[in-house]
Every structure is written in structure tokens, then in C-alpha cells.
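Q: Turn this into a structure:
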Amino acid sequence: MSFEPGPVRAAHRFDEAALERYLRANMAGFEPPLGVQQFGGGQSNPTFLLVAGGKRYVLRKKPPGVLLKSAHQVDREFRIMKALSATDVPVPRMHVLCMDESVIGTAFYVMDFLEGRIFRDPQLPGIAPTERAAIYDSMNDVLARLHKVDYAGAGLGDYGKAGNYFDRQIARWITQYRAAQTDQIAEMEQLIAWMPAHIPPDDSVTIAHGDYRLENTVFHPTEPQLIAVLDWELSTIGHPLADLAYNCMGYHVMNPRQGGLVGLDYAATGIPSEQDYVERYCRRVGRAKIENWSFYLSFSVFRLASISQGVYKRGLDGNASSESAATLGNSCRFLAEHAWRLANSEK
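A: Modelled structure (predicted):
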């Protein structure tokens, strides 16, 4: 979720009076009148700032229009954050989930707004090297904590299928890509053929966030401490190395809009090298050396390529969360080229 809120965009307007009536009847502590603004940034589930009774909340809803099957499941986001509130993984306090589409047109949930910092640029400009190091270490620590959660004990035993994560995920993202495909991309076709045949034997099972990166976390306003993990839409019972590799993509791919960590002087910046970051995570979870690292990286970039194609298609159809979505036409090709290079980087 990002950054400064502004007016609700035309494509995402809803009946604010109906929302106020619903919250007054269903949310403890809610006090009208209600004010609504929309956050920019995220490409998936539209996100809004609610102000009522001197308090601030965040509303996440499905986007309008025809949606891909299994996408935008705000009920899953609500469920996992509610469950993790009883663990040492920091998440916002959840208030109410509404699956009745007659209220504002789509399902939605409301959670606390947290005062803090969201870092868009992974190079953390303007921050001292010692604080950069601490920020990355806190992000690493929280990911390790997530992967050590007893998901069955947290009430998430049926949150996803245990085992064969990559078989299922590769099939899912191929299907999603085909549903949103607008062009022929040779590298996507090569990846679609290559990935199912190169799945590593490691079949570890943990909660997987699915989109774990610096921008999807909130840090303390003044301290280098991660206080909340956001954007759980892609979470499931999955493979921990999928999360770790996704978290390390910036070491390999420079995002056209947000940059990355390729070629940095890590010692000078305070940002850990990929090797240091991965080794620190492994120590925290008690894992030995990771085999087939290039597969996990390639899969992560391939999946992001499929997601970006879906965002682009929604932009063409006029129902994406961000107004910039329709400009992402080249992102899928760009990412597929990187994913294919990574797939061939370790023989």
C-alpha cells in the first residue's frame, strides 16, 4: 500500500454512505462521519484510507470488472493477517471482513492504519548505511519468523495444499498468463516448457507470503524496525525458498520504475550482498546451503512476468487499480527475458 492518499479515482468510486451504514452496524468502535480517500501505488486490490471518529483505518477491496479466477481474494488476506496476529509476525489489527457485494459492489475488509515508513526504493536513498543495514536485517528476520510459524497451530492448516508447491504454482501462473496473453513472447514459451522439468527435490512447506519485498512492509516512523507486513493477496501454504528468492530478485533485476540492487557497493551502502542476506536467513531458520538457487530466482521472475501481464490486460480493460497499469505492456517481455537468463545461469 502506498503512499500519500488522494481523491477516489473514478473507476473505483463506491457508495460511501452504504459503507458508513455497514461499519456503524458491524465494526466495534466505529464512529461516523466517514471520510474516504484512495492510496496510489498498488496494482491489484484498490486500497483506501478511512477517517472516522478521529481514527484512521485502511479498506482493501476487490477491483471492479471481470476478474481472473482465484485472483483478488481479499478474504484470504483478512484471514491470514487475523491468524498471524497471534504470532510474532507483525501485521495490522484486522477489524471486519465483508463478503456481501451489495454493500459497496465488491468484497472488502477494514484494518488499522499504521503510522510508519514505506520504502519504495530498495536502495534506501537518504538513509545512513548503518540504518540501511538494520532495515534489511529486520526484513530478513521477519521473513524467517514467518517461515517458522506453525501454520496448522495458527489455524491455517487448510489455507493451502502442503507439498508440490512449484508444480501447482507453475501450472497456476501459466494459466493466468494464457488468460491475459496479448502477445507472443518467446522467452515465456521457453520458460513454460523448461520450469516443470526442473523443479528441485526440496519440498519444504511453510506459510509463503508470495509478494515479500521492502515496499510491502511498514517500518517504525523513526527506528529501523519492521512493524507490519502488508499485501498478503498471494499468500498460501507454500515453499519458503519461493519467498526468499522473490525477496532477492532486486539483486538480479533492475525494476524500470523502482530500481534494484544490481551492482551496488554493498559495503559502502550498508545493504547486504545477496550471499550475506541469504546466509543470514539460513542461519535464522536452521537451513544448510541452498541447492538450485537459480531455479528459485527464475521461477520468481517468471511469476512476476505473468502477474505483470495480468495487470497490463486489466489496464487495457479499464479496471486496474493503478492508472499506470496500461503502460506496463513491455514489463512481461522484460521480466521473461531476465527469467530465462537466470534459468540458464547455473548448469
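
Q: Could you use CA atoms for every contact and neighbour count after this?
A: Fine.

Q: Break down the protein into its helices, ranges please.
A: Remark: helices assigned in the chain by DSSP state H are 16-26, 74-84, 129-147, 165-180, 186-194, 240-247, 266-269, 274-285, 293-317, 331-343.

Q: which regions of the stretch 51-200 of the chain sit below the pLDDT cut-off?
A: Confidence mapping of the stretch 51-200 of the chain against pLDDT under 70 gives the ranges 65-72.

Q: now do 80
A: Applying pLDDT under 80 to the stretch 51-200 of the chain flags the ranges 64-72.

Q: neighbouring contacts of stretch 246-254?
A: Applying Cα atoms under 8 Å, 6 or more residues apart in numbering, the external contacts of stretch 246-254 come out as 122, 210-213, 259-263, 274, 296-297, 300-301, 338.

Q: from the middle of its chain, how far away would it be?
A: Relative to its chain's centre, stretch 246-254 lies at 14 Å (Cα atoms, centre = their mean, to the nearest Å).

Q: Repeat that for stretch 111-131.
A: A distance of 16 Å separates the centroid of the chain from that of stretch 111-131, by Cα atoms, centre = their mean.

Q: returning to what we had before: possible to save the helices of the chain as JSON lines with distance to P201 and mean neighbour count?
A: What follows is those, written out as JSON lines (distance: least, Cα to Cα, whole Å; neighbours: other Cα atoms under 10 Å):
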{"stretch": "helix 16-26", "distance to P201": "47", "mean neighbour count": "15"}
{"stretch": "helix 74-84", "distance to P201": "28", "mean neighbour count": "19"}
{"stretch": "helix 129-147", "distance to P201": "19", "mean neighbour count": "19"}
{"stretch": "helix 165-180", "distance to P201": "10", "mean neighbour count": "16"}
{"stretch": "helix 186-194", "distance to P201": "16", "mean neighbour count": "16"}
{"stretch": "helix 240-247", "distance to P201": "12", "mean neighbour count": "23"}
{"stretch": "helix 266-269", "distance to P201": "32", "mean neighbour count": "14"}
{"stretch": "helix 274-285", "distance to P201": "18", "mean neighbour count": "16"}
{"stretch": "helix 293-317", "distance to P201": "11", "mean neighbour count": "23"}
{"stretch": "helix 331-343", "distance to P201": "16", "mean neighbour count": "22"}
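
Q: Need the per-residue pLDDT for S324.
A: Here, the pLDDT recorded for S324 equals 59.

Q: May I ask which two of the contacts of stretch 246-254 are separated the most?
A: Farthest apart among the contacts of stretch 246-254 by Cα to Cα are G210 and G263. That separation is 25.4 Å.

Q: that older thread, in TSV, list the helices of the chain along with distance to P7.
A: As requested, the helices of the chain are exported to TSV (distance: least, Cα to Cα, whole Å):
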stretch	distance to P7
helix 16-26	13
helix 74-84	22
helix 129-147	31
helix 165-180	29
helix 186-194	38
helix 240-247	32
helix 266-269	37
helix 274-285	39
helix 293-317	19
helix 331-343	28
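
Q: Between those, which one is closest to D203.
A: Counting by Cα to Cα, D203 lies closest to helix 165-180 out of these; the figure is 7.6 Å.

Q: and Q258, how many neighbours?
A: Using other Cα atoms under 10 Å, Q258 has 12 other residues around it.

Q: residues contacting it?
A: Counting by Cα under 8 Å, 6+ apart, Q258 has contacts 120-122.

Q: So what touches stretch 272-281?
A: Defining contact as Cα under 8 Å, 6+ apart, one finds that stretch 272-281 is touched by 133, 136-137, 140-141, 143-144, 244, 248, 251, 266.

Q: Give me the average confidence score over that stretch.
A: 98.

Q: Pull the distance from it to the chain's centre.
A: 21 Å.

Q: how is this protein carved up into domains?
A: For the chain, automatic domain parsing gives the domain ranges 5-112, 129-343.

Q: The longest one: how far from the chain's middle?
A: Shown here is domain 129-343, whose average C-alpha point lies 8 Å from the average C-alpha point of the whole chain (Cα atoms, centre = their mean).

Q: mind checking the end-to-end distance for it?
A: The first and last residues of domain 129-343 sit 33 Å apart, counting by Cα to Cα, to the nearest Å.

Q: in the sheet, who's paired with Y57?
A: Here Y57 sits in beta bridges with L50, D112, going by DSSP bridges.

Q: Let me see the contact set for it.
A: By Cα under 8 Å, 6+ apart, the residues touching Y57 are 49-51, 110-113.

Q: What is the nearest of the residues you listed to E223?
A: F113 (18.0 Å).

Q: which stretches of the stretch 201-347 of the chain have low pLDDT?
A: Across the stretch 201-347 of the chain, the ranges flagged by pLDDT under 80 are 255-258, 314-315, 317-330, 346-347.

Q: in this protein, which residue is closest to the centre?
A: In the chain, the residue lying closest to the centroid (Cα atoms, centre = their mean) is D211, at 2.9 Å.

Q: right, and that residue touches W232 too?
A: Yes: judged on Cα atoms under 8 Å, D211 makes contact with W232 at a distance of 7.3 Å.

Q: burial measure for A197, as a count.
A: Counted with other Cα under 10 Å, residues neighbouring A197 total 9.

Q: how many other residues sit next to F48?
A: If you count neighbours by other Cα under 10 Å, F48 ends up with 24.
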